[in-house]
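Q: coords below, sequence missing:
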Ligand code: MOS
């Protein structure tokens, strides 16, 4: 790899190419595609958490005017593969969690379908269910790996002896709540069959992945499935993999011989499209008298579903954040009668860095050190567990720059030292990190069109992240032409395949393929191509991947105010500084960072899915009671970044920015709350009762 692509359009704060269409309501989302003869589906969901459907009476539903079909496990078409139990809808009468799809009504209108679904009478043979996540369960097990493919456990040195010998010790347990992804646009699919060809308009983070997952489930060749998704109203990981509604829509469309639309309701999203597992993190640390860590140990307990495993990689960031000769991490799972957990913005790093960065704050205080100085003192020279050098690591620069911008210098570290008109005021800091990865499998075609414009095509996704704009910027620089001369087409499996928009890998992966295609195009046709000239490219392997540890870093600063009499907590300031390689578009990047930080604030103070163990049911399954930070919850919010030149991560030098913004925010807030009140909150969310 030679130097990075010189930036001309890259780095410019261009407005979103899709912005006008979105704000004027002309951007077409999955459920809005006009399809002639459309019918509407409403699922029937299990009202028990474990057992078997013994009888279904569909007579009343079928008698309703406008009802086209009522599907149950007894009459639904068979799937070609039931290998993925989450997707094997209506293939058996077993109930594995409350809210599971056990039937479906297809009708001429959504209202009729919904009403009729309520008329379906279901009888069950119920079995006792178990939904209680506890760290002392006898049936906890070690998964083979944690998401996406990290080792489950790691161990170096002798942690017990190091802890026993440590001058300063910590042994605390931190917990994060059960969280549900709540993008503005609910999951939606329109499925239409034309003979053996299936078209899916689906709200997804990756049309190629949807096609390749769903085709074998339905027993259709992938080339006979077309998935279309030009715009996504958010996903946060929940649209990174197909969920049951997608298969259900396709199955129902086959059964009724007409196109079927399924819009998952907000309440249904709390059972059907994934969520972040609650985590229990026992963290032990030892340090010497100078504040150098000698041991770091993180033992995580979390849940998965009984039907399908998902293991959140919560302890993984503890493997590379800080130096210490003795270290261990473990993940243990309880398989419960609950819906299938899945990706939610920064799986692993997000909950894991709440525990780790709160523990670090506690250790810094115990060592009598400023929390920034404590972190600087424990910076590793190399990735502590792999021994690889970092391709670039600018955590210290982020901490210093953040401290300067935030005004950290004159902070009195004493808790409860600052009072303003009945409010206790405190400030806190936490680090953030996210791996800088790429996913293989993308290709890009560039064609010189009849209008003498460059058409750049790949099946990438824009889930509100800025892909429509950023990929065009990259293509313009890669071709050496103006941004206005480039047309981009994404979000359609009729285009060359692309990797999923997940793991903050989108721009690095697709962008690398754009560069490769542009190079091929220029090599073949030079700077004066003719109409119809065309070249394709993919993502070349990066030999540096095996040699370097590649991560983005950041520092989050928070100021909180806690009412002395009521415990009400407000976050009055949040400031993040990130080192995430080259920033392709400062305008959309800022939006990513502050979006992530806002979601972190929401996690810190508000979000919590409340389980009623008697029924295995999330009781606050709507936006009225599952509160997500609103404008009134967010005061001053700033995101900055430092110029970072990383020649190893990929030829663009980008590290990915979709997820790092959420990482560490909750810890910065809980650390600030401790500084304000002297109360250490180790269990999210930080609600007012915890200060009383
Ligand atoms: Mo992100 S949770 O990897 O879509």
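A: That came in fine, so what should we check first? None of the values given here were measured: they were computed from a predicted structure.
Q: all helices of the chain, in order?
A: 19-23, 59-63, 110-119, 159-165, 207-218, 244-256, 266-272, 349-366, 371-377, 395-406, 467-479, 506-525, 586-605, 665-677 (DSSP state H).
Q: Which residue comes closest to residue 252 once chain neighbours are left out?
A: Excluding its sequence neighbours, the residue lying closest to residue 252 (Cβ to Cβ, 6 or more residues apart in numbering) is residue 260, at 4.6 Å. For the C-beta atoms, the positions are set from N, CA and C on the backbone; glycine is no exception.
Q: Deepest-packed of the helices of the chain, please.
A: Sort these by mean neighbour count, taking mean count of other Cβ atoms under 10 Å, and helix 665-677 sits at the top with a mean of 29.
Q: Now do residue 26 against the ligand, distance only.
A: With distances taken as Cβ to the nearest ligand atom, to the nearest Å, residue 26 is found 26 Å from the ligand.
Q: just residue 389 next, same as before
A: 26 Å.
Q: Quick check: residue 583 touching residue 642?
A: No. Using Cβ atoms under 8 Å, residue 583 is not in contact with residue 642; the gap is 10.0 Å.
Q: circling back: export the helices of the chain to a markdown table and tack on distance to residue 192?
A: Shown next, in a markdown table, are those (distance: least, Cβ to Cβ, whole Å):
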| stretch | distance to residue 192 |
| --- | --- |
| helix 19-23 | 24 |
| helix 59-63 | 24 |
| helix 110-119 | 17 |
| helix 159-165 | 57 |
| helix 207-218 | 13 |
| helix 244-256 | 6 |
| helix 266-272 | 22 |
| helix 349-366 | 37 |
| helix 371-377 | 54 |
| helix 395-406 | 49 |
| helix 467-479 | 25 |
| helix 506-525 | 28 |
| helix 586-605 | 33 |
| helix 665-677 | 42 |
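Q: would you turn those into CSV with mean pLDDT and distance to the ligand?
A: Listed next are the helices of the chain as CSV, based on pLDDT from 0 to 100; distance: least, Cβ to the nearest ligand atom, whole Å:
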stretch, mean pLDDT, distance to the ligand
helix 19-23, 96, 20
helix 59-63, 98, 36
helix 110-119, 98, 28
helix 159-165, 98, 30
helix 207-218, 98, 11
helix 244-256, 98, 16
helix 266-272, 98, 15
helix 349-366, 98, 9
helix 371-377, 98, 26
helix 395-406, 98, 22
helix 467-479, 98, 13
helix 506-525, 98, 9
helix 586-605, 98, 11
helix 665-677, 98, 15
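Q: Whatever residue of the chain ends up closest to the ligand and residue 220, how far apart?
A: Here the chain gets closest to the ligand at one residue, residue 237, 2.5 Å apart by Cβ to the nearest ligand atom. From residue 237 across to residue 220, the span is 26 Å (Cβ to Cβ, to the nearest Å).
Q: From the neighbour counts alone, determine which of those two ranks first.
A: For residue 237 versus residue 220, the count of surrounding residues by other Cβ atoms under 10 Å is larger for residue 237: 26 against 19.
Q: for the helices of the chain, which one sits closest to residue 450?
A: Across the helices of the chain, residue 450 has its closest neighbour in helix 506-525 (15.3 Å, Cβ to Cβ).
Q: by contact count, what packs against that closest one?
A: strand 443-448, helix 467-479, strand 534-538 (3 or more Cβ pairs under 8 Å, 6 or more residues apart in numbering; DSSP states H and E).
Q: partners of the shortest one in the sheet?
A: Looking at strand 534-538 with DSSP bridges, its partner strands are strand 443-448 (antiparallel).
Q: which residues touch residue 108?
A: Residues in contact with residue 108 (Cβ atoms under 8 Å, 6 or more residues apart in numbering) are 39, 40, 66, 68.
Q: Skipping adjacent residues, who's closest to residue 628 in space?
A: Distances taken as Cβ to Cβ, 6+ apart place residue 602 nearest to residue 628, at 5.2 Å, with adjacent residues excluded.
Q: Give me the distance between that neighbour and residue 662.
A: 9 Å.
Q: next one: residue 553
A: To residue 662, residue 553 is 14 Å away according to Cβ to Cβ.
Q: Give the full set of residues in contact with the residue lying closest to residue 68 once chain neighbours are set aside.
A: Using Cβ to Cβ, 6+ apart and skipping residues adjacent in sequence, the residue nearest residue 68 is residue 106, 4.6 Å away. Taking Cβ under 8 Å, 6+ apart, we find residue 106 in contact with 39-41, 67-71, 113, 252, 255-256, 258, 260.
Q: Mind doing that once more with 10 Å?
A: If you count contacts by Cβ atoms under 10 Å, 6 or more residues apart in numbering, residue 106 has them with 39-42, 66-71, 112-113, 116, 249, 252-253, 255-256, 258, 260-262.
Q: next one: residue 639
A: 554, 556, 574-578, 586, 589-597, 657, 661.
Q: what's the pLDDT at it?
A: On the pLDDT scale, residue 639 is placed at 98.
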